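Participant: What shape does this take:
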Amino acid sequence: MRADTQNWIASAEYDLETARHMLATRRYIYVVFMCHLTLEKMLKAHVTEVTRSIPTKTHDLIYLVKKAGLELPGSYLDFVSRINAASVPTRYPEDLERAIKNYPDSLVREYLRQTEEVLQWLKRHPNLQK
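Facilitator: Below you'll find the model as predicted:
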């Protein structure tokens, strides 16, 4: 495995741990933001391994899934699409109070759980087992 791929993976795991800390402090929109970033970096690890080059600077998870040639299970693809749509509103909320209300504790916990599940699937994928 390439050194830059390993760095993407380590960074994704670091960001996931940050999401857990943000949950503990009830900083919910940042949990969602960090979950998105976790998946973005793990997908960039896949792109790096598949293309043997540094991925394009993008936050679009669906683009990265396609670029890596991944066929995610349907429920994972649905989740990745949902969290992909949450990227801009959590990065740049136009109305902070509304953004906070859009991500209550129960939803954020589910986003974190699903991020962990997709991350494990991505880590076990053959792209990263070389």
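Participant: tell me which helix or strand of the chain sits lowest on mean pLDDT?
Facilitator: helix 96-102 (a mean of 90; mean pLDDT, DSSP states H and E).
Participant: Give the buried residues for stretch 82-99.
Facilitator: In terms of neighbour count (16 or more other CB atoms under 10 Å), stretch 82-99 has its buried residues at 83-84, 86-87, 89-90, 99. Every C-beta, even on glycine, is put in place using the N, C-alpha and C of the backbone.
Participant: what's the offset of the least confident helix or strand of the chain from the middle of its chain?
Facilitator: 21 Å (CA atoms, centre = their mean, to the nearest Å).
Participant: centroid residue for this protein?
Facilitator: residue 39 (2.0 Å; CA atoms, centre = their mean).
Participant: Show the pLDDT at that residue.
Facilitator: At residue 39, the pLDDT value in this model is 98.
Participant: Pull the helix or strand just after the least confident helix or strand of the chain out as CSV, backbone CA atoms only.
Facilitator: Next helix or strand after helix 96-102 toward the C-terminus (DSSP states H and E): helix 105-124. Written as CSV, here are the backbone C-alpha positions of helix 105-124 (Å, rounded to 0.1, in the frame of the first residue of the first chain):
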residue,chain,number,x,y,z
ASP,A,105,-28.8,14.1,19.0
SER,A,106,-30.6,11.0,17.7
LEU,A,107,-29.9,11.8,14.0
VAL,A,108,-26.3,12.7,14.7
ARG,A,109,-25.8,9.4,16.6
GLU,A,110,-27.2,7.5,13.6
TYR,A,111,-24.9,9.4,11.2
LEU,A,112,-21.9,8.5,13.4
ARG,A,113,-23.0,4.8,13.6
GLN,A,114,-23.4,4.6,9.8
THR,A,115,-20.1,6.4,9.2
GLU,A,116,-18.4,3.8,11.4
GLU,A,117,-20.1,1.0,9.5
VAL,A,118,-19.2,2.4,6.0
LEU,A,119,-15.7,3.1,7.1
GLN,A,120,-15.2,-0.5,8.2
TRP,A,121,-16.5,-1.8,4.9
LEU,A,122,-14.2,0.6,3.0
LYS,A,123,-11.2,-0.5,5.1
ARG,A,124,-11.9,-4.2,4.3
